[in-house]
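[1] what would the 3D arrangement of this be:
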Amino acid sequence: MSEISTLSTEEANPRTAALDSMSVDELLRTMNSEDAGVASAVGQAIPEIARAVELIVAARRHGGRLIYVGAGTSGRLGVLDAVECPPTFGTAPDEVIGLIAGGSVAFAHAVEGAEDDPARAVDDLTGIDLTADDVIVALAASGRTPYAIGALQHGRSIGAATVGVSCNRDAELSRYADVGIEIETGPEVLTGSTRLKAGTAQKMVCNMLSTATMVQSGKVYGNRMVDVKVTNAKLVDRARRIIADATGVDLVTAAALLDAADGHPKTAIVMQLAGVDVAAARRLLAGADGFVRAAVRGEG
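    You can find the predicted model right below:
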């Protein structure tokens with residue numbers, strides 16, 4: 001395992017050597033300047049991110065799950081992305097899962113030593129009945145966290161697809177992954193605080209993985225989240241606007257369509273665009289694997 005002192009994420013940043021002497025304005029502008037480079041660093045890894053998306057989409061076709069694993073900030077980012085998928089894309093709670101070293105309590109409170117035990121990852125994955133159809137995405141800014149490495153090792157041992165996301169080049173994590181995504185974010189504004197640029201980079205990668213996967217899985221029509229769950233007043237309003245925007249009807253008609261579709265915007269859109277009732281719209285969507293465009297065209 002590489003020495004932590006050799007990692008770029010642990011180096012002192014010469015541009016922030018006088019951080020404690022800066023005015024608030026200068027400090028914030030410095031942070032903003034450092035953050036500005038994160039997107040381009042992520043952009044350099046798009047080929048690897050695309051390969052990971054392809055693995056996840058293929059796994060979902062066979063009932064496989066996307067499973068994020070990580071410790072500390074990295075683990076929290078995976079959990080955050082996982083819990084947003086059901087309301088945004090209408091997925092079941094077990095389709096995208098986030099595991100954090102130390103268990104759910106570690107999301108809000110640090111669990112000392114949890115990240116240093118690879119056996120914990122094996123136990124956590126066993127606890128959710130990991131199968132060869134699943135994809136494990138291990139997140140570790142350092143690229144050397146034992147919990148994350150243990151997760152990938154266990155995944156590979158049973159034939160699951162594996163992805164490593166790290167913020168250092170030549171990361172140890174990548175050696176255990178089918179796809180190694182390495183985002184070189186460099187030294188942090190606050191030395192070693194990888195919740196900053198490294199955390200931002202990992203969040204961006206998670207955004208890409210889940211969003212691109214769901215687009216490729218028929219969860220989006222145009223740029224609209226047509227499988228959104230209408231669980232509160234704000235989301236009911238959003239669903240009505242999605243239907244109106246997608247079909248050209250007014251909001252009153254959109255509301256009636258949403259009610260007729262039992263609160264499912266995607267079904268309502270197909271009803272209007274294909275000129276069919278709710279039962280026929282559901283059949284069209286089932287035959288098109290959930291893709292609205294194909295359903296409206298009667299393909300599938």
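
[2] tell me the pLDDT of Glu3.
    pLDDT recorded at Glu3 is 61.

[3] so Arg240 is in which element?
    Assigned by DSSP states H and E, Arg240 falls within helix 233-247.

[4] report the angle between the helix or strand just after that helix and helix 233-247.
    Counting by DSSP H and E, the element after helix 233-247 in chain order, helix or strand, is helix 251-260. Angle, helix 251-260 to helix 233-247, by axes from the mean of the first three to the mean of the last three CA atoms, to 10 degrees: 110 degrees.

[5] what residues of helix 251-260 count as buried?
    Thr253, Ala254, Ala255, Leu257, Leu258, Ala260 (16 or more other CB atoms under 10 Å). Quick note: C-beta positions are derived from backbone N, CA and C, even for glycine.

[6] what number of residues lie near Gly155?
    Using other CB atoms under 10 Å, the number of residues around Gly155 comes to 28.

[7] excluding its backbone neighbours, what's nearest it?
    Distance criterion CB to CB, 6 or more residues apart in numbering; nearest residue to Gly155, sequence neighbours excluded, is Ile136 at 4.1 Å.

[8] all strands of the stretch 51-200 of the chain, in order?
    Using DSSP state E, counting those that start in this stretch, the strands of the stretch 51-200 of the chain run over 66-70, 96-100, 135-139, 161-166, 179-182.

[9] CSV for the buried residues of helix 251-260, including distance to Glu11 and pLDDT?
    Converted to CSV, these look like this (distance: CB to CB, whole Å; pLDDT from 0 to 100):
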residue, distance to Glu11, pLDDT
Thr253, 59, 98
Ala254, 54, 98
Ala255, 56, 98
Leu257, 56, 98
Leu258, 53, 98
Ala260, 59, 97
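
[10] so Ala294 makes contact with Ala286?
    No: in this structure Ala294 lies outside contact range of Ala286 using CB atoms under 8 Å: 11.2 Å.

[11] quick one: which of these two has more around it?
    Shown here are Ala294 and Ala286; by other CB under 10 Å, Ala294 has more neighbours (16 against 11).

[12] what's the nearest residue to the residue nearest the centre of the chain if we skip its chain neighbours?
    By CA atoms, centre = their mean, the mean C-alpha position of the chain lies nearest to Cys206, the distance being 3.3 Å. Spatial nearest neighbour of Cys206, excluding adjacent residues (CB to CB, 6+ apart): Asp81 at 4.0 Å.

[13] one more: Gly64?
    Closest residue to Gly64 apart from its sequence neighbours, by CB to CB, 6+ apart: Asp133 at 3.6 Å.

[14] separation between that neighbour and Ala151?
    Asp133 sits 16 Å away from Ala151, going by CB to CB, to the nearest Å.

[15] of those two, who's got more company?
    Legend: neighbour count by other CB under 10 Å for Asp133 and Ala151, higher for Ala151 (35 against 16).

[16] just for the stretch 101-250 of the chain, where's the confidence low?
    Filtered on pLDDT under 70, the stretch 101-250 of the chain yields no residues whatsoever.

[17] got the contact list for the nearest residue to Leu257 once chain neighbours are set aside?
    In this structure, Leu257 finds its nearest non-sequential neighbour in Ala268, 3.9 Å apart by CB to CB, 6+ apart. By CB atoms under 8 Å, 6 or more residues apart in numbering, the contact list for Ala268 reads Ile243, Ala254, Leu257, Leu258, Ala260, Ala261, Ala281.

[18] likewise for Arg120?
    Applying CB under 8 Å, 6+ apart, we find Arg120 in contact with Ala101, Gly102, Ala114, Tyr147, Gly150.

[19] what about the third one, how many neighbours?
    Applying other CB under 10 Å, we find 20 residues neighbouring Ala114.

[20] go on, the second one?
    The burial metric for Gly102, expressed as a neighbour count using other CB under 10 Å, is 22.

[21] got a list of what it touches?
    Shown in contact with Gly102 (CB under 8 Å, 6+ apart): Ala71, Ala110, Val111, Ala114, Glu115, Arg120.
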